[in-house]
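# Mind folding the following:
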Amino acid sequence: MTGSELTLLIAALCLGALCIGLVAGLVIAWLNRPAPPPPPPLPPAGSLEARLAAAEAARAEAEAALEEMRAGLRRQLAAKEAELEATMEVLGHVRRELEALKAQRGA
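Numbers count the residues shown, from 1 in each chain. Below you'll find the model as predicted:
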């Protein structure tokens, strides 16, 4: 066996030993990993029912408040529309009077 063959053989053995050591280390690390934490305990069924009832009551209250706000906005809109209609009528009347005054001055 020549010197270069011996060197290649020793390098191959070292590389094989390195790979085997790496794999063995990974396997040992995987086997020694910490266990996952246990899941949190479930709340009692009664507390879930109470929370659900409270949420439904809050929802009903919010829906009632929303409907009240909508009714108020509808009333405001109707008042503003009536005010606009009255303003438009007055404006039309003033324009007609202005045209009549212009016609009198022009004649």
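# Ramachandran coordinates for residue 85?
phi -60, psi -40 (degrees, to the nearest 10).
# same deal with residue 104?
phi -70, psi -40.
# check which helix or strand covers residue 95.
For residue 95, the host element (DSSP states H and E) is helix 45-106.
# same thing with residue 39?
Secondary structure (DSSP H and E) places residue 39 outside all helices and strands.
# What is the burial count for it?
6 (other Cβ atoms under 10 Å). The way it works is simple: take the backbone N, C-alpha and C, and place the C-beta from them, glycine included.
# do the same with residue 89
Neighbour count of residue 89, defined by other Cβ under 10 Å: 10.
# And for the one 5 residues further on?
Residue 94 is surrounded by 10 other residues when neighbours are defined as other Cβ under 10 Å.
# Now residue 32, what are its backbone angles?
Dihedral angles for residue 32 - degrees, to the nearest 10 - are phi -100, psi 10.
# Low-confidence regions, the chain specifically.
107 (pLDDT under 70).
# For the residue located most distally from the centre of it, which non-adjacent residue is spatially closest?
Relative to the centre of the chain, and counting by Cα atoms, centre = their mean, the farthest-placed residue is residue 1 at 73.2 Å. Nearest residue to residue 1 in three dimensions, chain neighbours excluded: residue 9, at 7.9 Å (Cβ to Cβ, 6 or more residues apart in numbering).
# Tell me how this protein divides into domains.
Here the domain parsing of the chain from automatic domain parsing is 1-33, 62-107.
# Please convert those to JSON lines, extending it with distance to residue 46.
Shown next, in JSON lines, are the domains of the chain (distance: least, Cβ to Cβ, whole Å):
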{"stretch": "domain 1-33", "distance to residue 46": "38"}
{"stretch": "domain 62-107", "distance to residue 46": "25"}
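# out of those, nearest to residue 53?
Set against residue 53 and scored by Cβ to Cβ, those come closest in domain 62-107, at 15.0 Å.
# closest to residue 54 out of the domains of the chain?
domain 62-107 (12.5 Å).
# Would you pull up how far that closest one lies from the middle of the chain?
41 Å (Cα atoms, centre = their mean, to the nearest Å).
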